[in-house]
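Undergrad: One predicted model, sequence on top.
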Amino acid sequence: MAAKILDGKALSAEVKRTVGLRVDALKERGIVPGLAVILVGNDPASEIYVRNKGKGCEECGMYSRTIRLEEMTTQLQLEEEIERLNADPAIHGILVQLPLPRHLDEAAALKKILPQKDVDGFHLMNAGALMNGAEGVVPCTPKGALYMIHSTGETLSGREAVVIGRSNIVGKPMAMLLMREDCTVTVCHSKTKDLSEHTRKADILVSAVGKAGFVTADMVKPGAIVIDVGINRVDGKVCGDVAFNEVKDVAGWITPVPGGVGRMTIAMLMSNTVDAAERIVSGER
Ligand code: GUN
């Protein structure tokens with residue numbers, strides 16, 4: 001039986017519609033939610049992501065500003081730019097596009113962003129809040145992936161979830177979110193032995209590896225929800241981590257690439273930005 005497709009285009013449109021309404025409500029009070037994206041260097045993939053973030057803001061009626069810094073920017077220059085945006089009342093959300101050039105200290109830069117403007121949810125305060133089940137900003141990609149999982153209508157409590165990848169951006173926060181849903185969560189990574197042993201037990205399988213065709217049909221439990229976070233380029237074509245054509249015949253639900261999680265990441269960034277604007281306006285920290 002062919003899996004049902006989790007349509008990122010339709011689901012992200014749903015999220016952005018709601019965000020747009022909240023933006024309109026803020027505008028009636030004279031506030032235009034604003035997102036600033038800092039891009040250091042000329043990584044072509046980052047260029048595309050940043051452009052899509054700008055487009056997302058436009059669609060939702062938000063203000064967006066892209067700050068382009070040259071490849072050889074110093075740590076001090078980057079942190080001064082972040083400080084300026086922290087103090088700028090027109091900016092409610094700040095995002096530093098990753099990866100940064102190798103000479104820059106990513107963790108130190110992220111720490112400079114005011115936690116309430118940290119729309120990526122990468123500041124230690126927000127990461128800690130997610131870990132503790134406290135209020136905070138949830139990273140966009142796992143938040144979008146969870147939205148897609150919820151859209152299946154399936155019960156999550158007590159289900160086996162397997163996350164492949166343990167990055168701070170996707171794997172770790174994804175695992176936290178699934179734990180919060182009362183799933184039994186296994187995090188697999190490059191040193192995991194017998195990966196298939198784990199993945200074949202997964203009712204929910206999330207792959208964030210960055211290797212085209214990494215998840216094959218024999219690794220998937222029949223009927224599973226398969227969420228493909230990978231964005232890979234093969235012969236100029238974008239594809240995910242999941243061998244879509246074969247896995248779709250085994251899974252119950254599957255996300256395509258393109259048109260899957262990537263769209264949700266942008267929608268959740270818009271959502272986190274309007275959240276930040278509402279919080280700042282209401283004087284919450
Ligand atoms: N690079 C790849 N994914 C992301 C993301 O979600 N946020 C930022 N800031 N950089 C990224």
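TA: Here it is on my side, so go on.

Undergrad: Arg68 is in what secondary structure piece?
TA: Element membership for Arg68, per DSSP states H and E: strand 63-69.

Undergrad: Which positions within that strand qualify as buried?
TA: Tyr63, Ser64, Arg65, Thr66, Ile67, Leu69 (16 or more other Cβ atoms under 10 Å). The C-beta positions use only the backbone N, C-alpha and C, and glycine is treated the same way.

Undergrad: Export it to CSV, keeping only CA atoms.
TA: The C-alpha trace of strand 63-69 is given here as CSV (Å, rounded to 0.1, in the frame of the first residue of the first chain):
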residue,chain,number,x,y,z
TYR,A,63,9.3,43.1,7.9
SER,A,64,12.5,41.4,7.0
ARG,A,65,16.1,42.5,6.9
THR,A,66,19.1,40.5,5.6
ILE,A,67,22.5,41.5,6.9
ARG,A,68,25.2,40.3,4.7
LEU,A,69,28.7,40.1,6.2
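
Undergrad: near the ligand at all, that strand?
TA: No - Strand 63-69 lies apart from the ligand when judged by Cβ under 6 Å from any ligand atom; the minimum separation is 12.6 Å.

Undergrad: For the helix or strand following that strand, the averaged confidence score.
TA: Sequence-wise, the next helix or strand downstream of strand 63-69 (DSSP H and E) is helix 75-87. For helix 75-87, the mean pLDDT works out to 98.

Undergrad: so which residue of this structure comes closest to the ligand?
TA: As assessed by Cβ to the nearest ligand atom, the ligand sits closest to Leu98 within the chain, at 3.6 Å.

Undergrad: so who does that residue touch?
TA: Glu106, Ile169 (Cβ atoms under 8 Å, 6 or more residues apart in numbering).

Undergrad: mind checking pLDDT for it?
TA: pLDDT recorded at Leu98 is 97.

Undergrad: now stretch 59-76: how far from the chain's centre is it?
TA: The chain centre lies 18 Å from the centre of stretch 59-76; the measure is Cα atoms, centre = their mean, to the nearest Å.

Undergrad: now swap in stretch 49-68 and tell me
TA: 16 Å.

Undergrad: end-to-end on it?
TA: Separation of the first and last residues of stretch 49-68 by Cα to Cα, to the nearest Å is 13 Å.

Undergrad: Write out the residues of the chain neighbouring the ligand.
TA: Leu95, Val96, Gln97, Leu98, Asp120, Cys140, Thr141, Ile169, Thr265.

Undergrad: re the thing from before, what sits up against the strand holding Arg68?
TA: 32-41, 50, 53-54, 57-58, 77-78, 81, 85, 90-91.

Undergrad: of those residues, buried ones?
TA: The neighbour count (16+ other Cβ under 10 Å) marks 33-41, 50, 53-54, 57, 78, 81, 85, 91 as buried among those.

Undergrad: Which of the residues you listed fall within helices?
TA: Val50, Lys53, Gly54, Cys57, Leu78, Glu81, Leu85 (DSSP state H).

Undergrad: So which other helices or strands are in contact with the host helix or strand of Ile48?
TA: Assigned by DSSP H and E, Ile48 belongs to helix 44-60. Helices and strands touching helix 44-60, by 3 or more Cβ pairs under 8 Å, 6 or more residues apart in numbering; DSSP states H and E, are helix 8-28, strand 34-40, strand 63-69, helix 261-281.

Undergrad: neighbouring contacts of it?
TA: By Cβ under 8 Å, 6+ apart, helix 44-60 touches 16, 19-20, 23, 35, 37, 39, 63-64, 66, 95, 97, 99, 231, 233, 262, 266-267, 269-270, 273-274.

Undergrad: The same query, at a cut-off of 6 Å, please.
TA: With contacts defined as Cβ atoms under 6 Å, 6 or more residues apart in numbering, helix 44-60 is touched by Lys16, Val19, Gly20, Val23, Leu35, Val37, Leu39, Ser64, Thr66, Gln97, Ile266, Met270.

Undergrad: The stretch 51-200 of the chain: strands as residue ranges?
TA: Assigned by DSSP state E, counting those that start in this stretch, the strands in the stretch 51-200 of the chain fall at 63-69, 93-96, 160-164, 184-188.
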